[in-house]
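Enquirer: make a model of this:
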Amino acid sequence: MLNTFAIVSIVIAVICAITIAADEFRRPQKMGVMNVVWPVTALYFSVFAAWAYFRFGRAKPKSEPMPMQMGSRQGDGMSEAKQPPDPNWTQVATGTSHCGAGCMLADLVSEFGIAAAGITLFGSMLWAEYAIDFAAAWALGIVFQYFALRPMRHDLSAGGVILAAIKADTLSILCFQVGMYAWMALTYFVFFPAPHITPFQPGYWLMMQIAMIFGFLTSYPMNRWLIRHGLKEAM
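Expert: Numbering: from 1, shown residues only. Take a look at the predicted model:
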């Protein structure tokens, strides 16, 4: 029963990801990294990610004029963009999706590798997953953030952008892992204490989809704080 439900959930999520990617092929995102972030987000948020993409994430047609940025001034021969002091929920959700995409891709690779190699830490595969997943998610999260910041921060060198990306995403990823790891612990110790569910079973990835959603929720307030204080760019 669990595996059947899991397969249905995974198939729907993959269809949503493919649908978004196909639409982006015709309407590429202005910020290139979002062409990856949106489909990857759909792998765990499924139909909700597809709704969000078509509701506010889809790129405007090239023939359609771009809306005036918040904080811009016109009429005095100057146009100046300022960071809004209180970001709206779409900006925060988009920012949160960056670290979520890094975590999702890290999990896909590392979970299979850990299970196949039988890697354990302190006698438990769960602790190995925690350690390796965090390192991989942090690295990929910084990469995603770097490519998000690079087009917006021409005033910084490549090293400066990397440092800004670390400042922007480290706390975000830590908070993301709190929610994700909490659900993983429940899966490991409560729902499937013995035998443990593995990445080679569809049910594992259903649990991981739920874990990622919890991670998104626990990271959302931190991303709002980071954007509001100018430590992370509003998308």
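
Enquirer: grab the nearest non-local neighbour of the residue most central in space within the chain.
Expert: With distances taken as CA atoms, centre = their mean, the residue of the chain nearest its centroid is residue 100 (2.0 Å). Of all residues not flanking residue 100 in the chain, residue 216 sits nearest, at 5.4 Å (CB to CB, 6 or more residues apart in numbering). The C-beta positions use only the backbone N, C-alpha and C, and glycine is treated the same way.

Enquirer: name all residues that make contact with the one you found.
Expert: Neighbouring residues of residue 216 by CB atoms under 8 Å, 6 or more residues apart in numbering: 44-45, 96-97, 100, 176, 179.

Enquirer: is it fair to say it lies in a helix?
Expert: Yes - assignment of residue 216 by DSSP: H, G, I helix; E, B strand; the rest coil places it within a helix.

Enquirer: so that it lines up with my notes, have the first residue be 6 from now on.
Expert: Done: numbering now begins at 6, and the last item shifts to residue 221.

Enquirer: low pLDDT regions in this structure?
Expert: 67-90 (pLDDT under 70).

Enquirer: then stretch 40-51 to PDB, C-alphas only?
Expert: C-alpha atoms of stretch 40-51 as PDB (Å, rounded to 0.1, in the frame of the first residue of the first chain):
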ATOM      1  CA  ASN A  40      15.600  26.900 -14.800                       C
ATOM      2  CA  VAL A  41      16.900  24.200 -12.500                       C
ATOM      3  CA  VAL A  42      15.400  25.300  -9.200                       C
ATOM      4  CA  TRP A  43      11.800  25.200 -10.400                       C
ATOM      5  CA  PRO A  44      11.800  21.600 -11.800                       C
ATOM      6  CA  VAL A  45      13.800  20.300  -8.800                       C
ATOM      7  CA  THR A  46      11.300  21.900  -6.400                       C
ATOM      8  CA  ALA A  47       8.500  20.100  -8.100                       C
ATOM      9  CA  LEU A  48      10.200  16.800  -7.300                       C
ATOM     10  CA  TYR A  49       9.100  17.200  -3.700                       C
ATOM     11  CA  PHE A  50       6.400  19.900  -3.800                       C
ATOM     12  CA  SER A  51       4.700  18.200  -6.800                       C
END
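
Enquirer: TSV please, covering the contacts of residue 221 and showing distance to residue 43.
Expert: TSV is the format used below for the contacts of residue 221 (distance: CB to CB, whole Å):
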residue	distance to residue 43
49	12
50	10
101	13
102	8
105	11
181	17
184	21
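
Enquirer: out of these, who's the most crowded?
Expert: The most crowded member of the contacts of residue 221, judged by other CB atoms under 10 Å, is residue 105 (32 neighbours).

Enquirer: can you pull the contacts of that residue?
Expert: Neighbours of residue 105 in contact, by CB under 8 Å, 6+ apart: 45-46, 49, 181, 217, 220-221, 224.
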